[in-house]
Each structure stands twice: as structure tokens, then as C-alpha cells.
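# here is a sequence together with a model predicted from it:
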Amino acid sequence: MSVELEMLFWVSILTLFLWVPYVTSAIINDGLLAALKWQGNEKQRFLWAERAKRAHYNAIENLIPFAVIVLIAHLANVSNETTASAAMAYFWLRVIHYLSYTFGISYIRTPAFIGSWLAQLFIVYQIIIH
């Protein structure tokens with residue numbers, strides 16, 4: 001498996017579990033039944049949990065283009081040091097983005113988001129010039 005596909009796998013696994021902290025917070029603070037009744041528009045009791053929820057939504061939104069880009073690169077046999085490094089950078093920048101978003105550190109969150117966006121563009125560029 002290419003590095004790019006491996007990173008897509010790990011980004012997907014990461015995104016798959018990002019709901020756990022804020023749902024656990026809701027269960028601990030409001031009880032299991034209240035958490036199960038959530039309609040999706042309720043506010044979290046703690047700001048960090050609300051930010052974690054928004055960070056999770058952002059991760060889902062960004063997973064789709066990343067997945068499409070990586071899969072197109074794979075199908076086009078575009079895999080090199082640039083694409084591998086960009087895919088690894090994307091993963092770690094998304095981890096940093098989630099943590100900095102959850103803990104409210106905007107001066108880290110924004111550069112991490114922009115960096116992950118640029119990482120995708122590096123892969124796109126490699127596809128275009130291929």
C-alpha cells in the first residue's frame with residue numbers, strides 16, 4: 001500500500017473516532033438517556049466539547065476532498081516523495097487542528113488548517129503535472 005493510501009486510512013480512522021470525547025462528555029454530564037435523545041441542535045455543557053464537535057465536523061468536511069485526491073493520485077499512478085510527504089503532513093496537521101480547535105488555541109488551529117489545505121494542493125499539483 002502506498003504511503004498516500006496508508007495516510008488516507010489513518011485519517012479515516014482518526015475521523016471515525018473524533019466523536020468519542022464530546023459524546024462521552026455528554027454521557028458523563030447529562031446521562032446516557034439524555035445523550036441518546038440528542039437531536040443534534042443541543043449545545044454541549046462545556047465549551048471544549050462544543051469545539052471538539054465542530055472540529056469533528058470540520059474533519060469530516062475535509063476528509064472527502066482528501067480521499068478523492070488521494071484515490072485519483074493512486075489511480076493515476078502518481079506517488080512520489082512530494083505526495084507521500086504531503087499525505088503525512090495532512091494527517092499530522094489534522095491531528096494538530098483537532099487538538100488546537102478542541103482546546104481553543106486559534107493561533108495554532110488556523111495555521112494547521114491552512115497547512116492541511118496546502119498539503120492537499122501539493123498532491124493536486126503532482127496529479128496535474130503528471
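Looks like it arrived, so ask away.
# which of the helices and strands in this protein ranks last by mean pLDDT?
Ranked by mean pLDDT, DSSP states H and E, the weakest helix or strand in the chain is helix 32-36, scoring a mean of 76.
# for this structure, what are the low-confidence residue spans?
38-44 (pLDDT under 70).
# who's sitting farthest from the centroid in it?
When distances to the mean C-alpha position of the chain are computed (C-alpha atoms, centre = their mean), the maximum falls on residue 33, with 28.5 Å.
# can you pull the contacts of the residue nearest to residue 2 when sequence neighbours are not counted?
Computed as C-beta to C-beta, 6 or more residues apart in numbering, the closest residue to residue 2 that is not its neighbour in sequence is residue 79, at 4.9 Å. In this view, the C-beta of every residue, glycine as well, is placed from N, C-alpha and C. Residue 79 is in contact with 2-4, 73, counting by C-beta atoms under 8 Å, 6 or more residues apart in numbering.
# reformat those as CSV; add neighbour count, secondary structure and distance to residue 21.
Shown next, in CSV, are the contacts of residue 79 (neighbours: other C-beta atoms under 10 Å; DSSP: H, G, I helix; E, B strand; the rest coil; distance: C-beta to C-beta, whole Å):
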residue, neighbour count, secondary structure, distance to residue 21
2, 16, coil, 31
3, 17, helix, 28
4, 26, helix, 28
73, 24, helix, 32
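# show me the two of those residues that sit farthest apart.
3 and 73 (10.8 Å; C-beta to C-beta).
# quick one, helices of the protein?
With DSSP state H as the criterion, the chain has helices at 3-17, 20-30, 32-36, 47-75, 81-102, 106-129.
# grab the most central residue of the chain for me.
For the chain, residue 59 is the residue whose C-alpha lies nearest the centre (C-alpha atoms, centre = their mean; 3.2 Å).
# for that one, give its distance to residue 45.
22 Å (C-beta to C-beta, to the nearest Å).
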